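J.: Give me a model of this one.
(one chain, ligands or ions: 1)
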Amino acid sequence: MNEEIKKVTHIDNVRLSDDGKSVVIIDQTQLPNRTEYLTLSTGKDIWDAIYKLQVRGAPAIGICAGYGIYCLALQIETEDYDQFLAAFHEQKEYLNSSRPTAVNLSWALNRMEDVVKANADKPVKEILGLLEKECKAIHAEDIEMCRKISEYGLSLLHEGDGVLTHCNAGPLATSRYGTGQGAFFLAKEKGMDIKVFADETRPLLQGARLTSYELSKAGVDVTLICDNMASIVMKNGWIQACMVGCDRVAANGDAANKIGTSGVAILAKHYGIPFYVLGPTSTIDMNCKTGDDIKIELRDPEEIKEKFYAEPVALKEVKCYNPAFDVTDHELITAIVTEKGICYPPFTESIAALFR
Ligand SMILES: CSC[C@H]1O[C@H](OP(=O)(O)O)[C@H](O)[C@@H]1O
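T.: This is a model prediction of the structure:
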């Protein structure tokens, strides 16, 4: 494998510390200008890192939460099971309050708590060993899932295709390769010529800061565009497919992803371009019947007005609306690509079949 590509696709964005008692992450808010690592040891450290998007992307948030709740469990000083479970649950609920939309956060935390609940008859020390195995399994499984999603995703592309993507769903947002953007790295590994058009993705610029950074480091042909340029590159005939990640997919195929995604899907429909959503089955929430059931995170308006500017771009008193995600209607989605295969409409049936 090309070492330059591997440096990107096999990045250690979230891991346990060497002593196994803290979570070490790359602070994604400092990229692309600085690669800085953070060691998260307390519940507040972990909560803040997720809320501030120092660690971000549905799968990466889930992996961080798994390691994080394990590290916090190590700090619970009791041998009494009921006291241990109560303290564990309190920390779990606290971490789960950091961000509401990406289902992987609650999915990973619930999976870790299920280990505690399923072993009420064992000593706390043994439960801690089982928790360590579980958080490491969450990470290892994501590596495997991203590889499969990327392979299924690549099967939808052809030599020379132009692909438009939104936000960041590459290695930094996951474990390796990525979901929405994993196919681009795999294509490069296989010597396929794929031209990526990456939306900058206001207001936090994950596309500019992270996606164009990852792809250019891996030697993938990437062109960074403003979000309002998606239409012209499609109209020019430069785009043969759109590929994006997801944060929560409802049972009918409605998919929540970074704000602006639904607009890309509407444009793709208008220009007759296939629109693909890619993500692990851990991002599908069968308790959400439709996208209306997905809670959309509202973030600090200052992110719009001054986050990345030497000085504010709008008056302080100007009201802002800053939803971090939107929901793409299932009727705008050509296919949903998971590690178990490619789902085509009717999604209610094809998604349900994933879990049989
Ligand atoms: C592979 S999931 C990535 C997904 O998460 C991003 O949101 P955020 O940057 O706020 O964590 C975005 O929706 C991506 O598609």
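
J.: What residues does the stretch 101-250 of the chain have near the ligand?
T.: 167, 169, 173-174, 179-180, 206, 244-245, 247 (Cβ under 6 Å from any ligand atom). Where C-beta positions appear, they are placed from N, C-alpha and C, glycine not excepted.

J.: Any residue of stretch 292-304 touching the ligand?
T.: No: Stretch 292-304 lies out of reach of the ligand by Cβ under 6 Å from any ligand atom, never closer than 7.7 Å.

J.: which residues are contacting that stretch?
T.: Contact with stretch 292-304 is made by 99-101, 202-204, 248, 250, 254, 256, 285, 287-288, 314, 319-327, as judged by Cβ atoms under 8 Å, 6 or more residues apart in numbering.

J.: what are the ranges of the strands in the protein?
T.: 14-16, 23-26, 37-40, 162-165, 195-199, 221-225, 241-244, 248-250, 255-258, 275-278, 284-285, 325-328, 335-338, 341-343 (DSSP state E).

J.: got the residue ranges for the helices in the chain?
T.: 3-9, 43-51, 58-74, 81-96, 103-117, 124-154, 182-189, 206, 212-217, 230-235, 261-271, 302-305, 347-354 (DSSP state H).

J.: Could you check how far the longest one is from the centre of its chain?
T.: Mean-position distance between helix 124-154 and its chain equals 15 Å (Cα atoms, centre = their mean, to the nearest Å).

J.: Also the first one?
T.: Offset of helix 3-9 from its chain centre (Cα atoms, centre = their mean): 19 Å.

J.: can you check stretch 254-273 too?
T.: On Cα atoms, centre = their mean, the centre of stretch 254-273 falls 17 Å from the chain's centre.

J.: Next: stretch 299-311.
T.: Mean-position distance between stretch 299-311 and its chain equals 22 Å (Cα atoms, centre = their mean).

J.: swap in stretch 99-109?
T.: For stretch 99-109, the distance to the chain centre is 10 Å (Cα atoms, centre = their mean).

J.: ok, A60 - contacts?
T.: Counting by Cβ under 8 Å, 6+ apart, A60 makes contact with 13-14, 172-175.

J.: any idea which of those is closest to I273?
T.: The shortest approach to I273 among the contacts of A60 belongs to A173, at 23.0 Å (Cβ to Cβ).

J.: Measure how buried the closest one is and give me the count.
T.: 30 (other Cβ atoms under 10 Å).

J.: Kindly provide the distance from the residue nearest to it when sequence neighbours are not counted to D193.
T.: Excluding its sequence neighbours, the residue lying closest to A173 (Cβ to Cβ, 6 or more residues apart in numbering) is G57, at 2.3 Å. Per Cβ to Cβ, to the nearest Å, G57 is found 26 Å from D193.

J.: So for those two, which sits in the more crowded spot?
T.: Taking other Cβ under 10 Å, G57 and D193 do not tie; G57 has more neighbours (32 against 12).

J.: list the contacts for the nearest residue to Y152 once chain neighbours are set aside?
T.: Closest residue to Y152 apart from its sequence neighbours, by Cβ to Cβ, 6+ apart: V337 at 4.9 Å. Going by Cβ under 8 Å, 6+ apart, V337 touches 149, 152-153, 156, 276-279, 343.

J.: 7 Å instead, please
T.: 149, 152-153, 276, 278 (Cβ atoms under 7 Å, 6 or more residues apart in numbering).

J.: now, the most widely separated pair of these?
T.: Taking Cβ to Cβ, no two of the contacts of V337 sit farther apart than I149 and Y276, at 10.5 Å.

J.: Neighbour count for those two, which is higher?
T.: Each of I149 and Y276 has its neighbours counted (other Cβ under 10 Å); I149 has more, 31 against 23.

J.: pretty sure that one is touching G182, no?
T.: Yes: between I149 and G182 a contact is recorded at 5.8 Å, counting by Cβ atoms under 7 Å.

J.: count of neighbours near E3?
T.: For E3, using other Cβ under 10 Å, the count is 7.

J.: Now do it, the pLDDT please.
T.: Looking at E3, its pLDDT reads 84.

J.: so how far is E214 from it?
T.: E3 is 15 Å from E214, by Cβ to Cβ.

J.: what's the lowest-mean-pLDDT helix or strand in the chain in contact with?
T.: Of all helical and strand segments in the chain, the minimum by mean pLDDT, DSSP states H and E falls on helix 3-9, at a mean of 87. Outside helix 3-9, the residues within contact range by Cβ under 7 Å, 6+ apart are 171, 176-177, 185, 188-189, 214, 217-219.

J.: Ok, stretch 147-157 next?
T.: 163, 176-179, 182-183, 186-187, 194, 241, 243, 276, 278, 280, 337-339, 341-342.

J.: Identify the residue spatially nearest to the residue of the stretch 101-250 of the chain found nearest the ligand, adjacent ones excluded.
T.: Proximity of the stretch 101-250 of the chain to the ligand (Cβ to the nearest ligand atom) peaks at G245, 3.1 Å away. Spatial nearest neighbour of G245, chain neighbours left out: A169 (2.8 Å); criterion: Cβ to Cβ, 6+ apart.

J.: With that, I have no additional questions.
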